[in-house]
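> this one's sequence-less:
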């Protein structure tokens, strides 16, 4: 069972009916094929804890626990999974627990979802019995999938922007002394 595969009839709409009466299958829209790399699905299995950020040009399925940010083309947080942080995805389906901020063009909270935080979206579907506590706001500009440069770390932008010849920040003073015990400039003790 693939959560991100296109159905046999070419229908790309989400279908949550299971013909065998088993667990419902969630299909994300694969009509937006901007590159072949979006066909790749990265699965983070149960029993896995990741502390850090994840960037993927394709789809990501989470069955374990993530503490950090996720930027992906499509994201599925499966039932039993826990994610804490910031999510940026063109399409996000939440079945498990999420705490933080979601930025997505299409966000769907399944019946088993427990979400606490902010959702910035163009489209939001909340199924019956889903738990959502927080705020939802309209997303002004659509979310883009991460580029291959972002994934490879060659985005060109430095992680920390240094400002040359900047004046040092003024240090706060306690009892006439700087935090490090130094006297203010021009004074001696």
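Good, I have the coordinates. None of these values were measured; they are calculated from a predicted model.

> use CA for all of it now, contacts and neighbours both
Noted.

> hmm, which helix or strand of this structure has the shakiest average pLDDT?
strand 173-174 (a mean of 46; mean pLDDT, DSSP states H and E).

> quick one: the nearest residue to residue 133 once chain neighbours are set aside and residue 90, what's the gap?
Excluding the flanking residues, the one nearest residue 133 by Cα to Cα, 6 or more residues apart in numbering is residue 116, at 4.9 Å. Applying Cα to Cα, to the nearest Å, the value for residue 116 to residue 90 is 20 Å.

> more neighbours: the two, which one.
In this view residue 116 and residue 90 are compared by other Cα atoms under 10 Å, and residue 90 has more residues nearby, 24 against 17.

> which strand or helix spans the more buried one?
Secondary structure assignment for residue 90, by DSSP states H and E: strand 82-94.

> just the mean pLDDT for that strand, thanks.
Mean pLDDT, computed over strand 82-94, is 97.

> which residues sit against it?
Residues from elsewhere that reach strand 82-94, judged by Cα atoms under 8 Å, 6 or more residues apart in numbering: 28, 63-79, 96-110, 113, 142-145.

> that one: what's the following helix or strand?
Next helix or strand after strand 82-94 toward the C-terminus (DSSP H and E): strand 97-109.

> after that next one, which helix or strand is next? Please name it.
Once strand 97-109 ends, the next helix or strand along the chain (criterion: DSSP H and E) is strand 114-126.

> so what does that next one touch, helix or strand wise?
For strand 114-126, the packing partners by 3 or more Cα pairs under 8 Å, 6 or more residues apart in numbering; DSSP states H and E come out as strand 97-109, strand 131-138.
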